[in-house]
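In: pasting a predicted model and its sequence here:
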Amino acid sequence: MVKTLSVLRAALLCSVALLGCRTEPAPPISLNLDQPNLAGDSERLGEGLHQRTLANAEGPALRYTINIPRGYDPSNSLPLVMGLHFGGEAKPFYGKEMITELCRPAFLFWPAILVAPDGLSDDWKSAENEQVVLSIYEHIAKHYNIDKNRTLLTGYSSGGDGTWYIAGRHQDLFKAAIPINSQPDPSISDWNIPVYAIHSQADDVVPIGPAKEYVKEMRNNGAKMRLMTTPKLPHNRTELYAQPLRNTLNWLESVWSETSSHP
């Protein structure tokens, strides 16, 4: 009995000692696909929302959020929608709200791959942010089956400014553009792709006047350009523009069909 107690006492002391006792290792942490891909690898993702990073030899890693639609089959090509976020303090994966608040609700029943890059600044017309969009576009097109005749660039506020600018400069990549509550770039006047601008008449941050005048001028020059006006929506409620964006879907399918039939 004494011997048994001595053994138990030794075991107890061993269990609390810092040295000379063996402990079981903690179970490994299981990572899921929704966590950031800090290594920037190219694995194909399952359906749902994911936050990813892409290595950048010329600067900081590029962050983007991607939504893969339900039932995605790599053997079937899908449209690509890239959404450029509004201005503000660019926290990591700041672009996520472009998908969760705007693009995914707008295109809920329409299978498309949705991608929202993080800008390196809130100026989407800068050379560095233009390169962000091009690099992420190239990466997505390489690893997913994208229908390159059905690609859309859209953006809200400063992201809309970037949409006017980047889509206008890269009409070979983007086959349609939908800028929302934003200012057109007057330096771009040669439009071959269709554009459907959305702007609130009640916007007191980005007045509607310049967009109206620009669309009118471009239409007079033969551009395939429209302007949808909403009467009362405020500028700072991005989620309220999901319905107007959804209302462009028939137009989008129509102009993409025309593009596909006249390459």
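Out: Thanks, I have it. Numbers count the residues shown, from 1 in each chain.
In: quick one: residue 48 from residue 70, how far?
Out: With distances taken as Cβ to Cβ, to the nearest Å, residue 48 is found 8 Å from residue 70. Using the backbone N, CA and C atoms, a C-beta is placed for each residue, glycine as well.
In: more neighbours, these two?
Out: Shown here are residue 48 and residue 70; by other Cβ atoms under 10 Å, residue 48 has more neighbours (14 against 8).
In: can I assume that one is in contact with residue 71?
Out: No - in this structure, residue 48 is not within contact of residue 71 by Cβ atoms under 8 Å, at 11.8 Å.
In: for this structure, longest strand please?
Out: Criterion DSSP state E: the longest strand present in the chain is strand 146-156.
In: from the chain's centroid, how far away is that strand?
Out: 11 Å (Cα atoms, centre = their mean, to the nearest Å).
In: what ranges do the strands span in the stretch 1-150 of the chain?
Out: With DSSP state E, counting those that start in this stretch, the ranges of strands along the stretch 1-150 of the chain come out as 48-54, 62-68, 78-84, 113-117, 146-156.
In: what's the burial count for residue 223?
Out: 18.
In: could you dump the strands of the stretch 1-150 of the chain to TSV with distance to residue 201 and mean pLDDT?
Out: Shown next, in TSV, are those (distance: least, Cβ to Cβ, whole Å; pLDDT from 0 to 100):
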stretch	distance to residue 201	mean pLDDT
strand 48-54	33	94
strand 62-68	31	96
strand 78-84	23	97
strand 113-117	27	97
strand 146-156	17	97
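In: dump those to CSV, plus distance to residue 209.
Out: Below are those laid out as CSV (distance: least, Cβ to Cβ, whole Å):
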stretch, distance to residue 209
strand 48-54, 37
strand 62-68, 33
strand 78-84, 22
strand 113-117, 28
strand 146-156, 19
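In: of all those, which one comes closest to residue 92?
Out: Nearest to residue 92 among the strands of the stretch 1-150 of the chain is strand 62-68 (6.1 Å), distances taken as Cβ to Cβ.
In: within its sheet, name the partner strands of the closest one and how each one runs.
Out: Within its sheet, strand 62-68 is paired with strand 48-54 (antiparallel), strand 113-117 (antiparallel), according to DSSP bridges.
In: now residue 247: closest residue in space that isn't a chain neighbour?
Out: Counting by Cβ to Cβ, 6 or more residues apart in numbering, residue 247 lies nearest to residue 228, which is 7.1 Å off, once chain neighbours are set aside.
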